[in-house]
Structures are given as C-alpha cells and as structure tokens.
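K.L.:
Below is the structure, and that's it, no one-letter string:
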Ligand SMILES: Cc1cc2nc3c(=O)[nH]c(=O)nc-3n(C[C@H](O)[C@H](O)[C@H](O)COP(=O)(O)OP(=O)(O)OC[C@H]3O[C@@H](n4cnc5c(N)ncnc54)[C@H](O)[C@@H]3O)c2cc1C
Ligand code: SF4
Ligand code: FES
Ligand code: FES
C-alpha cells in the first residue's frame, strides 16, 4: 500500500474541505477502500477518516413518517435495530446476507453504497480496464465474464454493482443525502449510480469532496413490511456476492396487488429497479401467472454480455420466487440463512 | 527517504501502547510486527478468511482491513487477552475438548469470532452457527468440530 497522509477532521465542513483537495479519499469502515489500496487499484495521497464524525451515526424517525439513516451507521447496527427490521424487513435481510459478521460490524451505510465492482480485471492492475483506467479497454469482454452484467451494460464496461443493501433500498425509493462545497442536496438512489455508457469511471452522482451524510426512506417504504423479501443466489451457501438477487415488496388486498416494488441485484452496474415489472403487477391478481409476466417484463431488455446468458433465466426465476415469497408474508423471524432461496429455517428473533 | 509517522495510542488486552507508525500500517501488522502479538493470524490480508478476527470495543472485526490509527481510543482484544488468571476462556476450552482444529492456523480467528457469535445470540442452532461463523474459513475442513465446539460453549454460557 502506498503511504498517505492521515487526517481525522472534527466537523463535516472540515472533512469536505480536506476531501475536496485532489488525491483525497474518505475512509469510513475501510473494508473496501483498504482492500483496493493494498492492490494499488486506488492510491490516495490523503485519507480523510470520517469514522468519528458524531452527527453521521444516528437513525432518526422523521415527522413525515420517513426514516433518516446516518451515513456512518454500521451495517450490523442497522440490521439489528428492532424498529428498523420490523418496518423494512427486506432491507435488514439484505444487509445480513452480505459479507460476514466481522465485515458488517465495520461496513457503513455510505461505504456500502460506494463499494466498487468485484470484476476481477478491475482488481488486477495488469489488465485493461476502462473503469479503473479510462481508455485502456475492457479485458472482461473476452475474458472470464460469467458473473457480469445482463442489463444496462456497454461495450466500454460490463461490470456489476455488488451491493445487496442497495437492492431493497432502490425498490423502496431511498434517497441519498449529500453534502458538498455548495451545500446539501438529495439524489434518489435510482439516479445515484450510473450506467457505464462511454464513461464507466463516472460511477455515481458525487463530485470531488461530496460527502454522503444520510440515506432516507420515505414514509411509504414501511407500508410493505408485511409482504417483503430479499432473495440472493450465491455460488456457495454463504459469504459470497450475489450471482443474482431480487427484492420484492407487495401490498395485497382481496387477492389484488395494490402496490408493488421490485429490484434486481447482480445484473447491472447499478441496483436495478424493475419499473416495467411493477406496472405489470399493479392492480393484477396476486398469482404465479402474474409474477411470471412481471419477471418477463423485468428481463425483457436483458442480453448476455459474455458467457452469462444463464443469468437472465436465473434472474427471471429469482424474481418469481421473491414475489411468491413476499406474497406468502414476511417471515416472523429472520431465517437462519438470510436471503437463501434454499433454506427457510428460522433464526434468532431480533425484530420483536 | 524518511517516512512520515504518526503517534498512535493503542489499548490492547488492557495494556496501553504508544507507537509511532506510518499511517498505512494495519492493526494486524501493528499487532504482529510491532507488538509481538502473533496469535492474530494473517491468512489472506484481504478480508476474505477471518484469520485476523479481533474484538474492537467488544465486537468482532477484521484486523487486516482496519488501520491501526482507526482504533485509537478504542479497546482491542486479541486471542492473547481471552484467558483470565491462567484459566482458559470457555470457548478455548470447548475448542480443545471438541478437537475443533487440525493445523490450528484459523483457530485464533475462529475462537474470537465464536466468542462474539455466542454473545450476539447467533448460536441458537447448528444452521445459525454455520451462517454466523461463515466469515471464518478453515482450510483443514474442521467445520463439524468447530460447530460442535461453538454449540457446547453456547450451551454452557446459557446454563
Ligand atoms: C470478503 C468480502 C465480502 C463481501 N461480501 C459482500 C456481500 O456479499 N454483499 C455486499 O453488499 N457487500 C459485500 N462486501 C462489501 C462490503 O459491504 C463493503 O466493503 C462495505 O459496505 C464498505 O463499507 P465501508 O464503510 O467499509 O467503506 P470504505 O471501505 O470505508 O469506503 C468505500 C468507499 O466509499 C467512500 N465513502 C465511504 N463513506 C463515504 C461517505 N459517507 N461519503 C462519501 N464517500 C464515502 C470511500 O472513500 C471509499 O471510496 C464484502 C466485502 C468483503 C471484503
Ligand atoms: S467490465 Fe468494467 S470493471 Fe471489468 S474490466 Fe471491463 S471496464 Fe473494467
Ligand atoms: S487475514 Fe484478515 S480476513 Fe484474511
Ligand atoms: S485448522 Fe487448519 S485452517 Fe482451520
């Protein structure tokens, strides 16, 4: 790891001023940044450690019924917050399906949103990678690309965004609260991450110095609490990134779908909100036939970017399974294997 | 070329240490190379194996993905700090009794993780133990005995 200056600002304005200098990077939990620095994938000259900024550590209920989650709230603390898990069970389940207990104790809300792709050529500085080094090409196109994108990719980059947390968040209309040199602004999570197009190095809406201060969930997000699920297919039972995943949330009344949310993970460079599928679900009978049409709509624009056509059919099936699972009701206890499509053994209760 | 170093104060297993470190030094390297606390192991150095698991303020984290400077003012516990007055910690005793290792390289991390897993209330069934211990890999494949040791220690803690 290249050496760097380490600073620990006491206030948000100090942090933003320090990070706006070229060559700076914020350090939160460090679980992604330090890994990338060890490999020389990124080599900041100045590390701005924000982990002690007290204002960013809170979970606040807003007067309008929404929720504001500070950027430094740790993934484990959020998942185990009883009120949070009760209102947003699919988000808690997604958090607990990610990484390991040790990593979730360090990883933060902001860091999770900003984690970089797991494309192995991005990690290998000897490979051509437009995302890491613009204009060099993309070794994944002709390489090992089974796990790469099937939606929203371009010839410049076919990588996926690896976050589990972001998938139910984007389904529930989460908003990212950003503070920068020009003040505070709000960007919907759906708009926050960018598809690669010709500029895969531009991964999100942040400008130099911009600090994520919070993620907000609108009041409506809690209305899905009785029928919400996150399911994730992995190449091993646990401690692995998603091959594909889906978050499904429904409001059902008299057998009809009154409201529906659906998003996919592991399929694109951003958490993928499936709005065309939601349109199919809305007002329709809550049945497997409807779910199959919704899954077709969700994947209608999908195409393989390499050796990964199987992911399209897998995603279709996991969408149907997540919708069936949401319809049958949020499990009273979180499963022992969160988000597993293969096991529903109940685990510890932390939403009581 | 002289390297810039910063003062870092560490509280490890109840003892205070004042070190002068380059900012890039991880907690894992500070423990092993500067303080001679080699019980905490380096497996992958990339957050993938759990061999470097320690407790910070009582919670399990990975020392290889933590800068030493990040834990200033926090309490660090390593495998060397588990035993009390010469008595093994009950989880250490359970690992011995259940023969929960072969080469032993992953064991300090497994034990640190298990202590936290039990305290968190995630050792209620074998499925749950497997899931909440999934961040600790064992190349020797001692998993069935590790699960048995965690189960035994969890039952003892509950009684
Ligand atoms: C072995 C392993 C397995 C994993 N498995 C999974 C998995 O299955 N699912 C999953 O979703 N994730 C997984 N992860 C990734 C993990 O979730 C992320 O590393 C973590 O969420 C990053 O959070 P952090 O606080 O540690 O971020 P850091 O590493 O501190 O920061 C990450 C990036 O975000 C920037 N940053 C951080 N906070 C802010 C802020 N408030 N404002 C602006 N910029 C900021 C940093 O500058 C940096 O660029 C895994 C990681 C590892 C190492
Ligand atoms: S897919 Fe994207 S991240 Fe991977 S090598 Fe190509 S440009 Fe880089
Ligand atoms: S050495 Fe830290 S996880 Fe492997
Ligand atoms: S006992 Fe050898 S790696 Fe676990």
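P.N.:
Structure received. This is a predicted model, so every value here is computed, not measured. Ligands and ions are numbered 1, 2, ... in the order given.
K.L.:
Which parts of the chain are strands?
P.N.:
Looking at chain A here, since you left the chain open. A:5-7, A:24-27, A:46-49, A:59-61, A:67-70, A:175-180, A:183-188, A:211-217, A:228-233, A:244-253, A:256-265, A:272-273 (DSSP state E).
K.L.:
was after chain B, sorry
P.N.:
Going by DSSP E, chain B shows strands at B:6-12, B:15-21, B:53-56, B:59-62, B:75-77.
K.L.:
Pull up the pairing partners for the fourth one, direction included.
P.N.:
Using DSSP bridges, strand B:59-62 pairs in its sheet with strand B:53-56 (antiparallel).
K.L.:
Mind listing residues that contact the partner strand?
P.N.:
A:102, B:27, B:31, B:40, B:60-63, B:66, B:71, B:74-79, B:108-110, B:112-113, B:115-116, B:135-136 (Cβ atoms under 8 Å, 6 or more residues apart in numbering or on different chains). The way it works is simple: take the backbone N, C-alpha and C, and place the C-beta from them, glycine included.
K.L.:
With stretch B:85-99 instead?
P.N.:
Contacts for stretch B:85-99 (Cβ under 8 Å, 6+ apart): B:82-83, B:100-101, B:107, B:110-111, B:114-115, B:118, B:145-146, B:148-150, B:152-153, B:156-157.
K.L.:
And stretch A:339-348, by the same measure?
P.N.:
Against stretch A:339-348 from outside (Cβ under 8 Å, 6+ apart): A:93-94, A:96-97, A:164, A:230-233, A:237-238, A:245, A:318, A:321, A:331-338, B:121-122, B:124-125, B:127-128, B:131.
K.L.:
Throw the strands of chain A into JSON lines and include mean neighbour count and mean pLDDT, thanks.
P.N.:
Shown next, in JSON lines, are the strands of chain A (neighbours: other Cβ atoms under 10 Å in any protein chain shown; pLDDT from 0 to 100):
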{"stretch": "strand A:5-7", "mean neighbour count": "17", "mean pLDDT": "96"}
{"stretch": "strand A:24-27", "mean neighbour count": "20", "mean pLDDT": "98"}
{"stretch": "strand A:46-49", "mean neighbour count": "22", "mean pLDDT": "98"}
{"stretch": "strand A:59-61", "mean neighbour count": "13", "mean pLDDT": "97"}
{"stretch": "strand A:67-70", "mean neighbour count": "21", "mean pLDDT": "98"}
{"stretch": "strand A:175-180", "mean neighbour count": "20", "mean pLDDT": "98"}
{"stretch": "strand A:183-188", "mean neighbour count": "12", "mean pLDDT": "98"}
{"stretch": "strand A:211-217", "mean neighbour count": "23", "mean pLDDT": "98"}
{"stretch": "strand A:228-233", "mean neighbour count": "28", "mean pLDDT": "97"}
{"stretch": "strand A:244-253", "mean neighbour count": "26", "mean pLDDT": "98"}
{"stretch": "strand A:256-265", "mean neighbour count": "24", "mean pLDDT": "98"}
{"stretch": "strand A:272-273", "mean neighbour count": "26", "mean pLDDT": "98"}
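K.L.:
Roughly how far does the nearest residue to residue B:101 once chain neighbours are set aside sit from residue A:68?
P.N.:
Distance criterion Cβ to Cβ, 6 or more residues apart in numbering or on different chains; nearest residue to residue B:101, sequence neighbours excluded, is residue B:107 at 4.5 Å. Separation of residue B:107 from residue A:68 (Cβ to Cβ, to the nearest Å) stands at 42 Å.
K.L.:
For ligand 4, what is the nearest residue in chain A?
P.N.:
residue A:239 (15.3 Å; Cβ to the nearest ligand atom).
K.L.:
you'd agree that residue is up against residue A:100?
P.N.:
Yes: under the criterion of Cβ atoms under 8 Å, residue A:239 makes contact with residue A:100 at 5.3 Å.
K.L.:
Would you list the buried entries among the contacts of stretch B:85-99?
P.N.:
B:82, B:100-101, B:107, B:110-111, B:114-115, B:118, B:145-146, B:148-150, B:152-153 (16 or more other Cβ atoms under 10 Å in any protein chain shown).
K.L.:
which one of the residues you listed sits closest to chain A?
P.N.:
Chain A has its nearest neighbour among these in residue B:114, at 10.7 Å by Cβ to the nearest Cβ.
K.L.:
isn't the closest one right next to residue B:135, touching?
P.N.:
No: taking contacts as Cβ under 8 Å, residue B:114 lies outside contact range of residue B:135: 11.3 Å.
K.L.:
I'd guessed residue A:283 sits against residue A:256; true?
P.N.:
Yes: counting by Cβ under 8 Å, residue A:283 touches residue A:256, with 6.5 Å between them.
K.L.:
just checking, residue B:136 touches residue B:113?
P.N.:
Yes: with contact defined as Cβ under 8 Å, residue B:136 and residue B:113 form a contacting pair (4.9 Å).
K.L.:
Out of the buried ones among the contacts of stretch B:85-99, which is nearest to ligand 2?
P.N.:
residue B:110 (34.0 Å).
K.L.:
what residues are up against that closest one?
P.N.:
So, once contact is read as Cβ under 8 Å, 6+ apart, residue B:110 ends up touching B:50, B:53, B:95, B:100, B:101, B:133, B:136, B:138, B:146.
K.L.:
Take those residues and lay them out in CSV including distance to residue A:150.
P.N.:
Formatted as CSV, the contacts of residue B:110 follow (distance: Cβ to Cβ, whole Å):
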residue, distance to residue A:150
B:50, 32
B:53, 36
B:95, 44
B:100, 42
B:101, 42
B:133, 33
B:136, 33
B:138, 35
B:146, 38
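K.L.:
out of the residues you listed, which touch ligand 3?
P.N.:
residue B:50 (Cβ under 6 Å from any ligand atom).
K.L.:
need the contacts of residue B:110 in CSV with pLDDT and distance to ligand 4, can you?
P.N.:
Formatted as CSV, the contacts of residue B:110 follow (pLDDT from 0 to 100; distance: Cβ to the nearest ligand atom, whole Å):
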residue, pLDDT, distance to ligand 4
B:50, 98, 10
B:53, 99, 13
B:95, 98, 10
B:100, 98, 8
B:101, 97, 4
B:133, 98, 12
B:136, 98, 8
B:138, 98, 3
B:146, 98, 8
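K.L.:
Just the ones of the contacts of residue B:110 in helices?
P.N.:
If you go by DSSP state H, these have B:95, B:146 in helices.
K.L.:
what's the closest of the contacts of residue B:110 to residue A:89?
P.N.:
residue B:133 (23.6 Å; Cβ to Cβ).
K.L.:
Quick check: phi and psi on that closest one?
P.N.:
phi -110, psi 10 (degrees, to the nearest 10).
K.L.:
So it sits against residue B:146, correct?
P.N.:
Yes: the pair residue B:133 / residue B:146 is scored as a contact, 6.9 Å apart, by Cβ under 8 Å.
K.L.:
Give the intersection of the neighbour lists for these two.
P.N.:
With the criterion set as Cβ under 8 Å, 6+ apart, the overlap between the contacts of residue B:133 and residue B:146 is B:110, B:114.
K.L.:
picking up where we left off before, give me the pLDDT value at the residue nearest to residue B:101.
P.N.:
Listed pLDDT for residue B:107 reads 98.
K.L.:
Residue B:100 is in contact with that one, correct?
P.N.:
Yes: Residue B:107 is within contact range of residue B:100, at 7.5 Å (criterion: Cβ under 8 Å).
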